[in-house]
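Asker: One predicted model, sequence on top.
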Amino acid sequence: MKRQSPYRPQIGSISLSAITALYLVLFTNRTFWGKVHAYLGATPIAVAALYLAVSVLFVAFATAFSAKYVIKPVLIFLVLAASLAAWFTDSFGVIVDSDMIRNAMETTPAETNHLITPDFLWHVLLFAVIPIVLILWVRVVHRPVLQKLWWNSVTIVGCLVIFGAVAGVYAKEYTAAIRQHRDIVKSLNPVTPIVSTTRYFIQARKEARLVVKPLGTDAKVVPVMDAHKPRVTIIVAGETARAMNFSLGGYRRDTNPELRKQGVTYFPQTTSCGTATATSIPCMFSQFTRANFTHTKGMENEGLMDVLAHAGIDVAWFDNNTGSKGAAARINFVNLANSTDPRFCKNRECQDGIFFDKLDAWLNGVTKDSVLVLHQIGSHGPAYYLRYPKEFRRFMPECETAELGKCKDDEIVNAYDNSILYTDHFLSTVIDRLKARSDKIASGLIYMSDHGESLGEKGLYLHGTPYILAPEEQTHVPFLVWLDPDFTASMALDKTCLGQSAAQPTSHDNLFHSVLGMMNVSTSAYNAKLDVFAGCRTGRTS
């Protein structure tokens, strides 16, 4: 008979399940309970009852896996998942839904490193490693099979009865709170992260088998009268730039000093399709509106770049971010994020100046109508201070760490505004490069950010909040256009009219059709109602 170690305490399987469940409820759900107290604080008895209801529900779930060879792996998984999710939920106010899981799966090692901070590691040690070690240390005592089935069933049924009773008594209070504050349930940990991860992998598996449907195969460029030069559009897909920090839109700080001198048309009421790159980029470059877009639709249908290619336009995508998210899957794609140029790059991450040499070479090689996408790293957080050179440290003091909890909100905003200031310089420099080639090409630039950013407002940081709950900081984005005289003429465009109409609400819905309009592409996929230029054309182009 195997002798048991006196240093390993024994514990019943149901007892271990219950203790672990209570640990999850009380120690990894600070955000959830904070919302509960805020929204149900007027009825403290209902709050207390909810503690009981959630606790017994968690106990019932954990007990369901209270079997030999199963209990410890399951409990360890729950503790690990809950502790990781709790860090991001409690520190940044994010909700770990399916879109957030997609962002995590598609991120770069450099972005991951910014999130693995000393505070994060301490959190994992305290809330994951130590509890897991304790679970591994104790020796679980299991009853005989029939007795285990009986006691597990009694425990589960008893917990569910208590849960049902509480839910029945306080149904009115809980239902009203959930209807008014949908973020309550989405904050429950680790329920939301586990469900969201499962949904993500199910969706990813389906999307891996998709056959992409062609779009706009009838596309053609309508000839332009008296056009003797190739027409070139640069699309700059911004990253994490929020409109309220653009001085072109009225921000108190002058974050756009160079663009202000370039004669751009700014659209101040623009909203995004999503609150994260993995959603917004494929949506922006699809023919779908935000109301009709799903990630699956974006993956199974060709998009803007494909339609332009069908029209015979030379298309390319240069990326300094986490990829095109499928938008450039069938065209020339150049990844600059892994560049090693010491002028712009450090630790497998580059500032947007990495584009300039490649852009010059591309522009010098233009021989026909062309469209190039520059996908920025822009103002991607939390390490905002790494997004710009030292000479753009105008707003001080700045937050010089990815651990936002160690900085004052004003310091975070200063670093963020410096990154916007550098984006201003970047866009203005691209325009200057286009102007310098005005004798060889007719050119235009269109800039639109993928989503905004929270900088501490309402206790939120970063981005990725589910759209239905997202604050304006994450959905109100900058959008601007610059056109040289020859390009304007090729579109038969009244720029005064465009400036006047720019005050009307716009969104990511407009990008697909507006670029087709800029390039004079005729196709059944085009919708003039969503082309921001359509109402200001003065005549025919051919």
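Answerer: Yep, it's here. Numbering: from 1, shown residues only.
Asker: in the helix or strand of the chain with the lowest mean pLDDT, what's buried?
Answerer: Ranked by mean pLDDT, DSSP states H and E, the helix or strand of the chain with the weakest confidence is helix 109-115, at a mean of 82. Buried positions in helix 109-115, judged by neighbour count with 16 or more other C-beta atoms under 10 Å: 110, 111, 114, 115. No exception for glycine: its C-beta is placed from N, CA and C like everyone else's.
Asker: again, but for stretch 195-207
Answerer: 196, 197, 200, 203.
Asker: how much space between the first one and residue 190?
Answerer: So that's residue 196. Between residue 196 and residue 190 the computed distance is 10 Å (C-beta to C-beta, to the nearest Å).
Asker: So residue 510 is in contact with residue 533, correct?
Answerer: No - applying C-beta atoms under 8 Å, one finds residue 510 not in contact with residue 533, separated by 9.5 Å.
Asker: Wasn't residue 235 part of a helix?
Answerer: No - according to DSSP: H, G, I helix; E, B strand; the rest coil, residue 235 belongs to no helix; its state is strand.
Asker: That one pairs with what?
Answerer: Bridge pairing for residue 235 (DSSP bridges) gives the partners residue 373, residue 446.
Asker: Is it in contact with residue 370, as I believe?
Answerer: No - counting by C-beta under 8 Å, residue 370 is not a contact partner of residue 235; they are 11.2 Å apart.
Asker: what sits up against the least confident helix or strand of the chain?
Answerer: Helix 109-115 has contacts (C-beta atoms under 8 Å, 6 or more residues apart in numbering) with 88, 322, 337, 347, 348, 349, 380, 381, 382, 383, 402.
Asker: Send over it as CSV, restricted to the C-alpha atoms.
Answerer: Extracted in CSV, the C-alpha atoms of helix 109-115 (Å, rounded to 0.1, in the frame of the first residue of the first chain):
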residue,chain,number,x,y,z
PRO,A,109,5.1,39.6,-30.2
ALA,A,110,6.1,43.2,-29.7
GLU,A,111,2.5,44.2,-28.8
THR,A,112,2.3,41.2,-26.4
ASN,A,113,5.5,42.3,-24.7
HIS,A,114,4.0,45.7,-23.9
LEU,A,115,1.3,44.0,-22.0
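Asker: Downstream of that helix, the next helix or strand is which one?
Answerer: Using DSSP states H and E, the helix or strand that directly follows helix 109-115 along the chain is helix 118-124.
Asker: next one: that following helix to chain centre, how far?
Answerer: What separates the centre of helix 118-124 from the centre of its chain is 23 Å, taken as C-alpha atoms, centre = their mean, to the nearest Å.
Asker: Would you mind pulling up the elements that it packs against?
Answerer: helix 71-92 (3 or more C-beta pairs under 8 Å, 6 or more residues apart in numbering; DSSP states H and E).
Asker: If we go by neighbour counts, what in the helix it packs on is buried?
Answerer: Neighbour counts using 16+ other C-beta under 10 Å place 71-72, 74-76, 78-92 of helix 71-92 among the buried residues.
Asker: How is residue 21 assigned, secondary-structure-wise?
Answerer: Residue 21 - assigned by three-state DSSP - is helix.
Asker: That one contacts residue 64, correct?
Answerer: No - contact criterion C-beta under 8 Å: residue 21 and residue 64 do not qualify, at 10.8 Å.
Asker: Of those two, which one has the most company?
Answerer: residue 21 (23 against 15; other C-beta atoms under 10 Å).
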